[in-house]
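# okay, here's the prediction I keep looking at, along with the sequence it came from:
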Amino acid sequence: MQRNEETRTSSSIDEKVSTITSDTSTTADDLNLHNGARNPKYAPPDRYNLAFIIMVFLGMGGMYPWNFFITAADYFHFALRNVTHPEGTTPYQRTFENALTIIATSCGLVGIVCSTLLTRYLSVKLRAYGGFIVIIIIFTVTTVLARVDTDSFQEGFFIITMINVFIINFASNIVNGGLFGLQGCMPSKFATAFMVGQTFAGIFAALSSVISVLTNRDETDQNSSIKNQAVGYFASAIGATTLCTVLFAVFLRLPIVNFYFNRNDEKVINASDEKPVEKPKTPLKMIITRTWPYIGTLILTFATTLSVFPAISVMVKSTNAASGSLLNNALFLPVACFVVYNVGDFSGRFSHGLLQWPNPQQGILLFVIAVVRTGLIPMFLFCNAAPRDHTDAVFGDAVFITLIAVLAFTNGYFGNAGIMYGPKVVPPEWAEITGAIMGLCINVGLVLGAAFSFALLFCL
């Protein structure tokens, strides 16, 4: 009899999903399928928008490892320089960005897979706290290394740095996997807050790079200045990550978070004997069937982006560099590439949170647009990237900046759509793991894009 009741309950949920998804006016929050006490109408208010604001900070915390390491490129190139002939380059300098990208994205994929699998065994609290602690430890080690003279062991420094990159990105994706699942249990505005927070981390790092150039241009001891700036970078990352850990503890105690998440995180209790009942097996076939357009959209969106950013985009030089101006030389890459990208990415994520177009019922349209977006890739190959052997540069600075802006805006817009809609088209008890799967898809796209970027370098 109990089995029949469970079957009827499951059929009822499926009928709700079918009814809601057939209504083209349905919003993302309508697809939450909350019922009874979990209906958003009965949710406690988010006083002072505190939960929303903390979710922005948590999004930033998960992206600090990637952004702080790529922003400190000047420091790493200095530490890996040719000591005897400073005008020359070393193999470590030439391969640093590619090695960083491949290691960060591949271990990120492993981390998000582990986080998805651990949803059945470890709570999001343990995963997030553990990940934040590891991130703080690795940033501390990196800060100490920035104070050490590493000229005598550059090979060891390179290996230690790559190990740190692996560990810290693994930990950050354990954190992100849990947070993807957490926001999947809540109204769609929290998905926007999380994604916007990730972009804020990039904006902060990009502006730090600009400030670094401006403050160092008149320094007589350039080498000491670069190392001191690196210490400032990583020390501030320690403080920011510590703040995120504290805010996460506050977040979990907010009434609105307890309303949505703790009910979804409770163990199923048998009403007759009140003994814990094992959580039912995850219905992956059902989840994939309902979310495949968003899975495809996320993979294509992030694969397209990482194919050209930063691997190709950081090689682009201003066509007006001969003018000698600071903006066309030292500031060109930080501003035209990183600042424009991160502002565009933020604008895209924020815009989708407001517009929510295409709507949740137009997943196939979303996927088709993501396919069309791959046409941006060959256009970057004709920007003024150097060195190049097989093609000629066709586009000037204005076209390059426009391409970066379009790439960034669409990355934020469609990335936010996939993350927001995926967990909303499944029953609420599977929203957390669906959110984690959406995070996994992002990392699959990042790995594919990083691998494809190597092939594109040979096309220049």
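Okay, I see it.
# which parts of this protein are strands?
For the chain, applying DSSP state E gives strands covering 268-269, 276-277.
# those strands: lowest mean pLDDT?
For those, the weakest mean pLDDT is recorded on strand 268-269, namely a mean of 33.
# below-threshold pLDDT in the stretch 201-350 of the chain: ranges please.
Within the stretch 201-350 of the chain, the stretches with pLDDT under 70 are 212-213, 216-223, 262-280.
# for it, what spans make up the helices?
Applying DSSP state H, counting those that start in this stretch to the stretch 201-350 of the chain gives helices spanning 222-252, 255-257, 263-265, 284-308, 332, 340-355.
# what lies in contact with the fifth one?
Where contact means C-beta atoms under 8 Å, 6 or more residues apart in numbering, the residues beyond helix 332 that reach it are 317, 318, 321, 397. For glycine as for every other residue, the C-beta is placed from the backbone atoms N, C-alpha and C.
# what number of residues lie near the last one?
By the other C-beta atoms under 10 Å criterion, the neighbourhood of residue 397 contains 18 residues.
# thought it was touching residue 319?
Yes - between residue 397 and residue 319 there is a contact at 5.6 Å, judged by C-beta atoms under 8 Å.
# what sits in contact with each of these two?
residue 384.
# not counting sequence-adjacent ones, nearest residue to residue 76?
Of all residues not flanking residue 76 in the chain, residue 96 sits nearest, at 5.7 Å (C-beta to C-beta, 6 or more residues apart in numbering).
# can you give me the neighbour number for the one you found?
Neighbourhood size, residue 96 [other C-beta under 10 Å]: 19.
# tell me the pLDDT of it.
Residue 96 is assigned 81 on the pLDDT scale.
# in this structure it contacts residue 74, no?
No - taking contacts as C-beta under 8 Å, residue 96 lies outside contact range of residue 74: 11.3 Å.
# picking that back up, gap between the residue nearest to residue 76 and residue 283?
43 Å (C-beta to C-beta, to the nearest Å).
# just the CA trace of stretch 349-363, in CSV.
Output of stretch 349-363 as CSV, limited to C-alpha atoms (Å, rounded to 0.1, in the frame of the first residue of the first chain):
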residue,chain,number,x,y,z
ARG,A,349,24.2,37.7,-16.1
PHE,A,350,22.4,40.7,-14.6
SER,A,351,20.4,41.2,-17.8
HIS,A,352,19.1,37.7,-17.9
GLY,A,353,18.1,37.9,-14.3
LEU,A,354,15.8,40.8,-15.3
LEU,A,355,14.6,39.6,-18.7
GLN,A,356,14.5,35.8,-18.4
TRP,A,357,14.4,35.3,-22.1
PRO,A,358,14.2,32.8,-23.6
ASN,A,359,11.8,31.5,-20.9
PRO,A,360,12.1,28.0,-19.3
GLN,A,361,9.9,26.4,-21.9
GLN,A,362,12.3,27.5,-24.8
GLY,A,363,15.3,25.4,-23.8
